[in-house]
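Colleague: Take this sequence and fold it.
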Amino acid sequence: MLTDSLWFFTAGFILNLLSAFIIVRFVYYPRGRCNNFVFTYLAFNTVIYFIMGLFTSIELSIGTGFGLFALFSILRYRTETVPIREMTYLFVMAALPILNSVLWGLGQYDRLLIINVLIILTIWFLDRAWGFNREQFQMNVKYEKIELITREKREEMLKDLSERTGLVVHDFEILKINFLRDVAEIKITYSNPTCEVPGSSAHPDL
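Modeller: Predicted coordinates for the structure are as follows:
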């Protein structure tokens, strides 16, 4: 009896982890090529599934249940600003095991599979931003190729900025020009940053 329940719980865990892995590896990661949050997403997903399994396998008082979930309310990422996109994926990774654990325990396997497939497809569609403008960021940089700042060479400068920064640069604004040092300070507008944390006040030199 114990072996059957253990295999039942393990099968539910594997299915939940598989769904989480598909979202993280094939939806989230290819868009930004940033693995800073991959560990966090999969770890959150795994731990929450085990906690939900504990709730459904043994009788817990209401106080104990609130105490366990209160641990999540004190979590703070104070060392850095987490982008909205990453926070959204974190919420999905936290909600997914709750849904899977409840539906798996109730034996609603068909509904569980449909919900997981719909979640994956919906996130995949939205993250491609089809029909929507992608989130954009701005950053100040020092640029030494001032021969490209003329209006006639705008496209060439955008291409150079994209190649040298590794970002998808859409626009730039010239803030200052220093002809004595052959350098200009410009503000670039870009999207789809690679491991970029918005809010940075850095002024990199190109």
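Colleague: Centre-most residue in the protein?
Modeller: For the chain, Glu86 is the residue whose C-alpha lies nearest the centre (Cα atoms, centre = their mean; 2.9 Å).
Colleague: nearest residue to it other than its sequence neighbours?
Modeller: Leaving out its chain neighbours, the residue that sits closest to Glu86 by Cβ to Cβ, 6 or more residues apart in numbering is Phe37, at 5.1 Å. Any C-beta I mention is one placed from the backbone N, CA and C, and that applies to glycine too.
Colleague: Confirm that Lys187 sits in a strand.
Modeller: Yes. With the criterion set as DSSP: H, G, I helix; E, B strand; the rest coil, the secondary structure at Lys187 is a strand.
Colleague: Tell me the spacing between it and Val47.
Modeller: Relative to Val47, Lys187 is positioned 41 Å away (criterion: Cβ to Cβ, to the nearest Å).
Colleague: repeat for Leu96
Modeller: 12 Å.
Colleague: longest strand in this protein, by residue count?
Modeller: Taking DSSP state E as the assignment, the strand of the chain that covers the most residues is strand 168-178.
Colleague: Could you name the helices and strands sitting against that strand?
Modeller: Packed against strand 168-178 by the contact rule (3 or more Cβ pairs under 8 Å, 6 or more residues apart in numbering; DSSP states H and E) you find helix 154-165, strand 183-191.
Colleague: Mean neighbour count, these: which tops it?
Modeller: Highest mean neighbour count among those (mean count of other Cβ atoms under 10 Å): strand 183-191, with a mean of 17.
Colleague: The helix or strand Ala11 falls within: which residues count as buried?
Modeller: According to DSSP states H and E, Ala11 maps onto helix 2-23. Within helix 2-23, the residues that qualify as buried are Phe9, Gly12, Phe13, Leu15, Asn16, Leu17, Ser19, Ala20, Ile22, Ile23, counting by 16 or more other Cβ atoms under 10 Å.
Colleague: Low-confidence ranges, the chain, go.
Modeller: Within the chain, the stretches with pLDDT under 70 are 1-3, 32-34, 56-82, 129-136, 192-206.
Colleague: thinking again about what came up before, any buried residues in the longest strand of the chain, and which?
Modeller: Val168, Val169, Phe172.
Colleague: out of the buried residues of helix 2-23, who's nearest Leu118?
Modeller: Each of the buried residues of helix 2-23 was checked against Leu118 using Cβ to Cβ; the closest is Ser19, at 11.0 Å.
Colleague: From what I see, the closest one and Asn116 are in contact.
Modeller: Yes. With the criterion set as Cβ atoms under 8 Å, Ser19 and Asn116 qualify as a contacting pair; they are 4.5 Å apart.
Colleague: what touches both of those two?
Modeller: Shared between the contact lists of Ser19 and Asn116 (criterion: Cβ atoms under 8 Å, 6 or more residues apart in numbering) are residues Leu96, Asn100.
Colleague: how close does the closest residue to Lys145 other than its chain neighbours sit to Ile149?
Modeller: Spatial nearest neighbour of Lys145, excluding adjacent residues (Cβ to Cβ, 6+ apart): Asp160 at 6.7 Å. Asp160 sits at a distance of 11 Å from Ile149 (criterion: Cβ to Cβ).
Colleague: what do you get for Arg164?
Modeller: Using Cβ to Cβ, we find Arg164 at a distance of 15 Å from Ile149.
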